[in-house]
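1. Here you go, sequence then predicted model.
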Amino acid sequence: MIFLREIVIFSARENHLPDIGIHEGRFVDVAWYTYAIGGLSQNDFIMAARLSEWLRCRQGGNL
């Protein structure tokens, strides 16, 4: 749960929250989507890249 909270805090700073899914109790999907435009925005791609980089650093470079 700490991991999910960190993702929410990370994305809340940008005021752009993702859809988060948990599968089999150990796999987490994070999906970015802008409902206001009914699709993907440039900000969705930026947030996905930022989250990937943050996770890479969090894991010590191994993602």
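-> Yes, it's here.
2. Pull up the gap between G21 and Q42, please.
-> G21 sits 23 Å away from Q42, going by C-beta to C-beta, to the nearest Å. C-betas here are computed from N, CA, C, even on glycine.
3. Could you do T34 as well?
-> When C-beta to C-beta is the yardstick, T34 and Q42 sit 9 Å from each other.
4. I'd assumed R13 was in contact with M47.
-> No - in this structure, M47 sits apart from R13 without contact. The criterion is C-beta atoms under 8 Å, and the distance is 10.5 Å.
5. For the protein, which segments are assigned as helices?
-> Along the chain, the stretches classed as helices by DSSP state H are 2-12, 42-58.
6. for this protein, which spans come out with low pLDDT?
-> Low-confidence segments of the chain (pLDDT under 70): 61-63.
7. Next, count neighbours for W32.
-> Here the neighbour count serves as a burial measure; for W32 (other C-beta atoms under 10 Å) it reads 19.
8. What residue, apart from its backbone neighbours, is nearest it spatially?
-> By the measure of C-beta to C-beta, 6 or more residues apart in numbering, the closest residue to W32 outside its immediate chain neighbours is D44, 3.8 Å from it.
9. Correct me if wrong: that neighbour contacts I37.
-> No - counting by C-beta under 8 Å, D44 stays clear of I37, with 9.7 Å between them.
10. between these two, which one's more packed in?
-> Under the neighbour definition other C-beta under 10 Å, D44 and I37 were set side by side, and D44 has more, 17 against 9.
11. Quick one: residues contacting that one.
-> When the contact criterion is C-beta atoms under 8 Å, 6 or more residues apart in numbering, the partners of D44 are 16, 32-34.
12. what pairs with the residue nearest the centre of the chain across the strands?
-> Against the mean C-alpha coordinate of the chain, by C-alpha atoms, centre = their mean, the closest residue is V30 at 4.8 Å. For V30, the beta-bridge assignment (DSSP bridges) gives partners I20.
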